[in-house]
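[1] below is the sequence, then the predicted model.
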Amino acid sequence: MWSILALAAPQQGGAGLAPMLFMWGAFILIFWLLIIRPQRKAQQRHQEMLNALKRGDEVMTDGGIIGEVVHLKDDRVTIKTAENTRIVVARPKIARVFTQKPES
């Protein structure tokens, strides 16, 4: 009697493998659609915004400082925040561009 039950047990475990793989595949797909894909799109939009920066744009940094772009380098941006105040910030720390003046 015990030998019949021992032989039947592995067959039952094999039948449950396909639904488990389907469940894990669905879990990974949902995770990608809800978390990874939107994050990549947001990073791409931010990079496009940084690439389009030019002198005269009014920007806000991650820290909330608002000013006008007066000088650009590859990895740094100089912002004029007041009459005689200029701040150099890392280009990736520009969070938002308020105005992008048309090119003349």
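    Structure's in. What do you need?

[2] quick one: list the elements packing against the helix or strand containing residue 21.
    In the assignment (DSSP states H and E), residue 21 maps to helix 17-31. Helix 17-31 sits against no helix or strand, with contacts defined as 3 or more C-beta pairs under 8 Å, 6 or more residues apart in numbering; DSSP states H and E. All C-beta spots, glycine's among them, are computed from the backbone N, C-alpha and C.

[3] how far out from the middle of the chain is it?
    25 Å (C-alpha atoms, centre = their mean, to the nearest Å).

[4] I'd say residue 69 and residue 50 touch.
    No - counting by C-beta atoms under 8 Å, residue 69 sits too far from residue 50 to count as a contact (11.2 Å).

[5] distance check, residue 63 against residue 54.
    The gap separating residue 63 from residue 54 is 22 Å, by C-beta to C-beta, to the nearest Å.

[6] right, I mislabeled it, should have said residue 83
    Applying C-beta to C-beta, the value for residue 83 to residue 54 is 22 Å.

[7] quick one: which of the two has more around it?
    residue 54 (11 against 5; other C-beta atoms under 10 Å).
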